[in-house]
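Trainee: Below are the sequence and a predicted model for it; my questions follow.
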Amino acid sequence: MVRGPQPPFAQVTFLQPVKTSAEEIGKNKVRLRVEIPTQDVEKILVQTYKRLAQQVKVPGFRPGKVPRSVIDQRLGKDYVRNEALRDSLPDLFAEAVQESDLDVVAPPEIGEVEGFEDGKDFTFEATVETRPTPELKNYTGLPASKPRVEVTDAEVDEQIERLRVRFATLEPTERPLQKEDFASIDLTTYRHDQTIDELTAKDLLIEVGAEMVVPELDAELEGKRKGDILKLTSTLSERFGDRAGWQVGMQVLVKDTKSRKLPALDDELAKTVSEFDTLQELRDDIRNRLTEIKETQSTNALRESVLEAFVEQAVDVDLPHGMIDVEVDNLVTGLAQLLAAQGIPIDRYMEAQNLDADALRARFHEQAERNLKTRLGLDAVVSAESLEVSDEEREHEVEHMAERTGRTTEEITELIDEREDWKSVDGDILRAKALDLLVERADVKDTDPLTEGDASE
């Protein structure tokens, strides 16, 4: 049994509509029986023979001119039959699904194939999983929490201090090095008495405690002075790429030591680091920006709280296994793309996490189920509330997509047109509107404010 059709090698235009019958064989599972008349079988075979005639090299025949009898002799009729099925099944299946008006959520299982040869009708069966319809319970008054928005003086002070550090100057110091001091060093790194050029440098300026090289170096530098010579060993971490795990030695000459001199906490600081003339104006601006950040975070936390209550309390749905598998596929692909953007092959990630393919997929199973339950539930609310997408909302979403991707709205519109993906765009808009409605009707209680670490400049 073949799991799912392969991408079509040739687009087939059928002379007659395929005859399709559908039989429910379980919850969200349908068996399709598809019949293709003789003339369309012949058309499929003709196209496959034409393709093979271009590919098969036979002495005495030009490409594309190899007769069917010779192709059969060279490749065998069974091979040609399998190739014809490979070429045609995707199109046949797509037409059968359209004819049956089914919302298929996973690749089909192609079952028995009958009569695929000259002069005979062709019949095949496919078992498909269809989109489930959730049962919606009461989704009004869902319990939810929203963190209060509060910006403390300490948080404003922290942002001011970060600005002071950013605009600090470095001054020579004679005292022993401390954390957050700077050292200018000559560094030589070696392994088995061989110098590692990429990890060797002169006049390297490092901040003590920032682990700019290895933690052992920072520990050794604390308490040292200008002119000291250090020797240490270290095991290189993952951030050193191919050298991760190497045992290396390091020799360091401390050439100079410096400490930060922070600018004074006055109006001159405000003029230096911002467009404001006074320190109070700068503090007010920082407070306003932190408030905006926390308001956004609070709103997002509320929406997530409502969504969690909705999925747990108001949506009941049986998810087909194939649908879950497809969603897991998407999550694994997303992880692979994210890792690739960081220059990390997913195989290396799996090795570091001690995961095989099955274990990796298992990690995403619960998230896949929640994603599907969320989307199906929100889609059901869209239907129950008769929500619609306006042209203005669609234009607004295209503008957001353009901002996120760095493209123009014209480019985004053209791309959606090419992919015929407006249904997906509208789906995202409608699900957001459904969530807005759930939030509007939720029973919201205030909770403790966001912590200091939740918002930063």
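Mentor: Arrived safely. Quick caveat: nothing in here was measured; it's all calculated off a predicted structure.

Trainee: so what strands line up beside the one helix or strand Asp203 maps to?
Mentor: In this assignment (DSSP states H and E), Asp203 forms part of strand 201-207. Sheet pairing of strand 201-207 (DSSP bridges) gives strand 182-191 (antiparallel).

Trainee: Just the residues contacting the strand holding Asp203, thanks.
Mentor: Residues from elsewhere that reach strand 201-207 (Cβ atoms under 8 Å, 6 or more residues apart in numbering): 180-187, 212-213, 217, 221, 255. Quick note: C-beta positions are derived from backbone N, CA and C, even for glycine.

Trainee: Quick check: the two most widely separated of the residues you listed?
Mentor: Based on Cβ to Cβ, the longest span within those runs between Glu180 and Asp186 and measures 21.6 Å.

Trainee: what element comes up after the helix-or-strand element of the chain with minimal mean pLDDT heading to the C-terminus?
Mentor: Every helix and strand of the chain was ranked by mean pLDDT, DSSP states H and E. The lowest is strand 2-3, at a mean of 30. Counting by DSSP H and E, the next helix or strand C-terminal to strand 2-3 is strand 19-26.

Trainee: That following strand pairs with which strands?
Mentor: Assessed with DSSP bridges, strand 19-26 is paired to strand 29-36 (antiparallel).

Trainee: Tell me which other helices or strands the longest strand along the chain touches.
Mentor: In the chain, with assignment by DSSP state E, the single longest strand is strand 247-261. In terms of contacts (3 or more Cβ pairs under 8 Å, 6 or more residues apart in numbering; DSSP states H and E), strand 247-261 is packed against strand 169-172, strand 182-191, helix 215-221, strand 229-235.

Trainee: And those: which comes nearest Ser383?
Mentor: With Cβ to Cβ as the yardstick, what comes closest out of the helices and strands packed on strand 247-261 is helix 215-221 (56.6 Å).

Trainee: hey, where'd the helices end up in the stretch 201-350 of the chain?
Mentor: For the stretch 201-350 of the chain, applying DSSP state H, counting those that start in this stretch gives helices covering 215-221, 267-273, 279-313, 321-341, 346-352.

Trainee: Mean neighbour count for these - can I get that in TSV?
Mentor: Shown next, in TSV, are the helices of the stretch 201-350 of the chain (neighbours: other Cβ atoms under 10 Å):
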stretch	mean neighbour count
helix 215-221	18
helix 267-273	16
helix 279-313	17
helix 321-341	15
helix 346-352	14
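
Trainee: Thr169: which of these is closest?
Mentor: Comparing these by Cβ to Cβ, helix 267-273 comes nearest, at 11.4 Å.

Trainee: tell me which element Gln39 is part of?
Mentor: Judged by DSSP H and E, Gln39 forms part of helix 38-55.

Trainee: for that helix, which positions count as buried?
Mentor: Neighbour-count burial for helix 38-55, counted by 16 or more other Cβ atoms under 10 Å, picks out Asp40, Val41, Lys43, Ile44, Leu45, Gln47, Thr48, Tyr49, Arg51, Leu52, Ala53.

Trainee: same check, this time on stretch 160-178
Mentor: So, applying 16+ other Cβ under 10 Å, buried residues of stretch 160-178: Ile160, Leu163, Arg164, Thr173, Leu177.

Trainee: Turn those residues into CSV, columns for secondary structure, pLDDT and distance to Gln98.
Mentor: Below are the buried residues of stretch 160-178 laid out as CSV (DSSP: H, G, I helix; E, B strand; the rest coil; pLDDT from 0 to 100; distance: Cβ to Cβ, whole Å):
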residue, secondary structure, pLDDT, distance to Gln98
Ile160, helix, 96, 63
Leu163, helix, 96, 61
Arg164, helix, 95, 66
Thr173, coil, 93, 77
Leu177, coil, 96, 73
